[in-house]
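>>> sequence and computational prediction follow.
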Amino acid sequence: MFIQIQPESSIPIYKQIMDHIEHAIASNRLKENEKLPSVRELAKQLIVNPNTVAKAYRELERNNVVRSHKGKGVFVMVTQNIFTEEEKKRLVGEKMSPAIVEGLNLGLTFDEIRNVLDEKITAFKNIEEKDI
């Protein structure tokens, strides 16, 4: 599972973890009954405090996105898509807006910003292909 945390963000790290997991479920990268990494494993991978990951998992469980089985782990429990197509596009747009503003503030043109986005998409596709 690929999660990228932005420590400098105003969004708490546990919420960023939650968002990534919810988006992975919405995009079918995580499927029903799939086991999530252990708290320690994910904390080590993200270089964050295990309590932060535990809080994210607790909140996801409270929101009925995952379920915890003592001694076995945390599993995806969503049986339906939690986001409509419009919600998915809205959420992605919300994440992209600050990057576009940042690019414009740095003097980039819209075409240059689009090129940066295209490069990032290509890089992510390459990562995804390696995971297969």
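Happy to help now that I have it.
>>> contacts only, for residue 59.
14, 18 (C-beta atoms under 8 Å, 6 or more residues apart in numbering). All C-beta atoms are positioned from the backbone trio N, CA, C, and that covers glycine.
>>> helix or strand for it, which one?
Using DSSP states H and E, residue 59 maps to helix 50-62.
>>> likewise residue 113?
helix 110-131.
>>> which strands or helices does that helix pack on?
Helices and strands touching helix 110-131, by 3 or more C-beta pairs under 8 Å, 6 or more residues apart in numbering; DSSP states H and E, are helix 85-105.
>>> what residues sit buried inside the helix it packs on?
100, 103 (16 or more other C-beta atoms under 10 Å).
>>> what about the helix holding residue 59, average pLDDT?
Average pLDDT, helix 50-62: 96.
>>> could you dump it to CSV, C-alpha only?
What follows is the C-alpha trace of helix 50-62 in CSV, where atoms were taken according to Å, rounded to 0.1, in the frame of the first residue of the first chain:
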residue,chain,number,x,y,z
PRO,A,50,2.7,4.0,16.1
ASN,A,51,0.1,5.8,18.2
THR,A,52,-0.6,8.0,15.1
VAL,A,53,-1.3,4.9,13.0
ALA,A,54,-3.4,3.3,15.8
LYS,A,55,-5.5,6.5,16.0
ALA,A,56,-6.1,6.4,12.2
TYR,A,57,-7.1,2.7,12.4
ARG,A,58,-9.4,3.4,15.4
GLU,A,59,-11.1,6.3,13.6
LEU,A,60,-11.6,4.2,10.4
GLU,A,61,-13.1,1.4,12.6
ARG,A,62,-15.4,3.9,14.2
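>>> hang on, the earlier thing: got the CA coordinates for the helix holding residue 113 in CSV?
Extracted C-alpha coordinates of helix 110-131, given in CSV (Å, rounded to 0.1, in the frame of the first residue of the first chain):
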residue,chain,number,x,y,z
PHE,A,110,-0.8,26.3,-16.8
ASP,A,111,1.0,24.3,-19.5
GLU,A,112,4.1,23.9,-17.3
ILE,A,113,1.9,22.9,-14.3
ARG,A,114,0.1,20.3,-16.6
ASN,A,115,3.5,19.0,-17.6
VAL,A,116,4.6,18.6,-14.0
LEU,A,117,1.3,16.7,-13.3
ASP,A,118,1.9,14.5,-16.3
GLU,A,119,5.4,13.6,-15.1
LYS,A,120,4.0,12.7,-11.7
ILE,A,121,1.3,10.5,-13.2
THR,A,122,4.0,8.7,-15.3
ALA,A,123,6.1,8.2,-12.1
PHE,A,124,3.1,6.8,-10.2
LYS,A,125,2.3,4.5,-13.1
ASN,A,126,5.8,3.2,-13.0
ILE,A,127,5.5,2.5,-9.3
GLU,A,128,2.2,0.8,-9.8
GLU,A,129,3.6,-1.5,-12.6
LYS,A,130,6.4,-2.6,-10.2
ASP,A,131,3.9,-3.5,-7.6
